[in-house]
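Novice: 3D model of this:
(one chain, ligands or ions: 1)
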Amino acid sequence: MKILIAEDAPSDRLLLKLHLEKLCHDVVEVSNGEELVEYFKSYGVDLDLLVVDLNMPYKTGVEAVVEIRELQGNYDASWIPIIILSGSDSDDDIFRCIEAGADDYLTKPIQHKVLAAKLLAMMRLADMRKRLVSANTSLEALSTTDYLTSLPNRRAFEKDLSAEMAKSLRYGQSLSVAVFDIDHFKQINDTYGHEGGDVVLKEIARRFNRFKRAGDVFGRIGGEEFGLFLPYTTAQEAFTACERYRMLLSEDKYSYESQLINLTVSVGVCAYHNEETQLELIKCADQALYQAKHQGRDRVVLNCTG
Ligand SMILES: Nc1nc2c(ncn2[C@@H]2O[C@H](COP(=O)(O)OP(=O)(O)OP(=O)(O)O)[C@@H](O)[C@H]2O)c(=O)[nH]1
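Specialist: Below is the predicted model of the structure:
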């Protein structure tokens with residue numbers, strides 16, 4: 001482990017350092033509470049454990065621990081265990097330190113065997129914490145990603161669009177939204193089976209992602225429906241971009257089980273006018289999509305009334 005010792009007494013610090021190095025740990029040292037917090041701010045992510053003296057100049061161990069725990073936040077991946085060292089074995093001191101955010105308390109003079117045992121426990125704690133954070137990150141990714149296409153799912157798409165609408169409102173930048181619907185998808189399912197339909201959905205998502213302009217965000221918002229928002233893009237520019245997506249899809253036929261499938265999409269586009277709700281904005285693009293289907297499919301329609 002990489003361990004930071006915060007101890008103002010040079011002899012205690014040296015003894016502790018030698019002992020930890022004997023146990024094959026990497027040791028860095030600071031000599032007061034202020035330095036401890038500063039070191040943690042700059043290099044905290046590289047550390048595995050803090051061993052902190054209770055009584056130190058500038059900031060006590062407790063004050064430093066409180067600051068460090070505040071910096072980390074509750075679910076921050078940079079969380080690491082903290083052991084407090086003190087000459088006092090008063091119940092009040094022990095309680096105060098643990099309450100402040102320390103995980104263990106050792107009285108001086110330090111019994112080396114006891115310290116080694118505590119280090120083992122702290123390693124276990126840090127390891128469990130890391131695994132929990134990593135599991136949470138995976139769960140978060142799963143809950144925002146469409147399992148079939150790996151695009152953002154409807155929930156994530158709407159969340160990201162909300163943030164983009166807020167930015168557009170605040171900075172007066174243009175923003176447009178489009179809804180893409182695959183044409184005659186039922187026929188594809190009927191011909192190639194549901195599995196074949198799934199493969200086609202994946203292929204379309206892959207192509208959209210490949211053609212995608214930086215900043216544009218695609219999401220799968222329904223069975224065979226994709227949403228797209230285009231930041232910094234006016235209605236006319238969004239129309240042109242969607243026309244490009246449409247053509248790139250239809251011009252390159254897709255081969256599935258040695259048969260060429262003609263893939264086309266109908267698209268409805270609408271610009272955000274900084275007054276409508278997200279529901280109204282998507283409805284505006286949906287109305288244009290309806291017209292695109294009505295006019296014969298494989299086309300982009302811009303809703304100018306939105
Ligand atoms: N394979 C597959 N099919 C899906 C999925 N989600 C929805 N569908 C199918 O998509 C088809 C959509 O059919 P319709 O709404 O009739 O539309 P369409 O055949 O594309 O016709 P138009 O939109 O009018 O061009 C339905 O048959 C759904 O079962 C999916 O995840 N996988």
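
Novice: Up against the ligand, what does the protein have?
Specialist: Proximity of the chain to the ligand (C-beta under 6 Å from any ligand atom) is limited to residues 148, 181-187, 189, 194, 197-198, 201, 223-224, 293, 297. Glycine gets a C-beta too; all of them are placed from N, C-alpha and C.

Novice: And for the residue of the stretch 201-306 of the chain found nearest the ligand, the neighbour number?
Specialist: Of all residues in the stretch 201-306 of the chain, G223 sits closest to the ligand, at 2.4 Å by C-beta to the nearest ligand atom. Residues lying near G223 (other C-beta atoms under 10 Å) number 12.

Novice: Next one: it from R155, what distance?
Specialist: In this view, G223 and R155 are 15 Å apart by C-beta to C-beta, to the nearest Å.

Novice: Kindly report the same for G227.
Specialist: Distance, G227 to R155, by C-beta to C-beta: 12 Å.

Novice: Please say which of the two ends up with more neighbours.
Specialist: When neighbours are counted by other C-beta under 10 Å, G227 and R155 differ, and G227 comes out ahead with 23 against 14.

Novice: contacting residues for the more buried one?
Specialist: With contact taken as C-beta atoms under 8 Å, 6 or more residues apart in numbering, G227 is in contact with R154, F157, L161, V177, A178, V179, F180, F218, G219, R220, I221, I282.

Novice: List buried residues within those.
Specialist: With burial judged by 16 or more other C-beta atoms under 10 Å, the buried subset of the contacts of G227 is F157, L161, V177, A178, V179, F180, F218, G219, R220, I221, I282.

Novice: Mean pLDDT per helix and strand in this protein: which one sits at the bottom?
Specialist: Every helix and strand in the chain was compared by mean pLDDT, DSSP states H and E; the lowest is strand 254-256, with a mean of 85.

Novice: That strand pairs with which strands, parallel or anti?
Specialist: strand 259-261 (antiparallel) (DSSP bridges).

Novice: by contact count, what packs against the very next helix or strand once past the partner strand?
Specialist: Going down the chain from strand 259-261, the next helix or strand is strand 265-271, by DSSP states H and E. Helices and strands touching strand 265-271, by 3 or more C-beta pairs under 8 Å, 6 or more residues apart in numbering; DSSP states H and E, are strand 175-182, helix 235-251, helix 278-294, strand 300-302.

Novice: quick revisit: mind checking pLDDT for the residue of the stretch 201-306 of the chain closest to the ligand?
Specialist: Note on G223: pLDDT of 93.

Novice: Could you check how far stretch 118-136 is from the centre of its chain?
Specialist: Put simply, stretch 118-136 sits 21 Å off its chain's centre (C-alpha atoms, centre = their mean, to the nearest Å).

Novice: rewinding a little: which ones are touching the residue of the stretch 201-306 of the chain closest to the ligand?
Specialist: F185.

Novice: As a markdown table, the buried ones among the contacts of G227 with distance to E243 would be great.
Specialist: Output for the buried ones among the contacts of G227, formatted as a markdown table (distance: C-beta to C-beta, whole Å):
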| residue | distance to E243 |
| --- | --- |
| F157 | 21 |
| L161 | 21 |
| V177 | 15 |
| A178 | 10 |
| V179 | 15 |
| F180 | 12 |
| F218 | 16 |
| G219 | 20 |
| R220 | 21 |
| I221 | 20 |
| I282 | 20 |
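
Novice: contacts for the least confident helix or strand of the chain?
Specialist: For strand 254-256, the surrounding residues in contact (C-beta under 8 Å, 6+ apart) are Y192, G196, V199, V200, E203, L260, I261, L263.

Novice: Drop the exposed ones from those residues and show what's left.
Specialist: Neighbour counting by 16+ other C-beta under 10 Å classes Y192, G196, V199, V200, E203, I261, L263 among the contacts of strand 254-256 as buried.

Novice: thought the fourth one was touching Y192?
Specialist: Spelled out, it's V200. Yes: V200 lies in contact with Y192 (C-beta atoms under 8 Å); the separation is 7.4 Å.

Novice: ok so, going back, out of the contacts of strand 254-256, which one sits closest to L50?
Specialist: L50 lies nearest to E203 out of the contacts of strand 254-256, by C-beta to C-beta, at 51.3 Å.

Novice: what's the angle between the one helix or strand the closest one maps to and helix 235-251?
Specialist: Counting by DSSP H and E, the element that carries E203 is helix 185-211. Per axes from the mean of the first three to the mean of the last three C-alpha atoms, to 10 degrees, the angle that helix 185-211 makes with helix 235-251 is 110 degrees.
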